[in-house]
Structure formats: C-alpha cells, structure tokens
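Enquirer: Just a sequence and a predicted model for now, questions to come.
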Amino acid sequence: MKAMMTGFAGVVLVAVCANLVLSNLGFASQDVHSGASVRLD
C-alpha cells in the first residue's frame, strides 16, 4: 500500500512539473495550435 501511494504521489509530481515546464517553454496547446487567424480569449 505504501508503494502504491508513493507511486501516485510521483505521478502527480511529474504531471504538475511537466505542466509548469511546458507552459513556461511555450509548448502549451493554446500556444502550439493557435495561428494568426485564431482568436483566443
């Protein structure tokens, strides 16, 4: 049970860190899939 909880915590940590890193590097889906003709609020 302890190993499973540690695994869940690791998955959450990786997901949060990946989101922060990719957003800061400009790889967010909003930045990648928008062009000059796409208006996002």
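Expert: On my side now, so go ahead.
Enquirer: number of nearby residues for Ser23?
Expert: Residues lying near Ser23 (other CB atoms under 10 Å) number 13. Bear in mind the C-beta positions are built from the backbone N, C-alpha and C, glycine included.
Enquirer: so it is in which element?
Expert: helix 2-25 (DSSP states H and E).
Enquirer: starting at the chain centroid, how far to that helix?
Expert: Taking CA atoms, centre = their mean, to the nearest Å, the mean C-alpha location of helix 2-25 is offset from the chain mean by 9 Å.
Enquirer: for the record, mean pLDDT for it?
Expert: The pLDDT scores in helix 2-25 average 93.
Enquirer: start the count at 33, not 1, going forward
Expert: Shifting the count to begin at 33 puts that one at helix 34-57.
Enquirer: on contacts alone, who are the packing partners of that helix?
Expert: Where contact means 3 or more CB pairs under 8 Å, 6 or more residues apart in numbering; DSSP states H and E, helix 34-57 is not packed against any helix or strand.
Enquirer: got the buried residues for it?
Expert: In terms of neighbour count (16 or more other CB atoms under 10 Å), helix 34-57 has no buried residues at all.
Enquirer: Is Ser69 in a helix, a strand, or coil?
Expert: With DSSP: H, G, I helix; E, B strand; the rest coil as the basis, Ser69 sits in coil.
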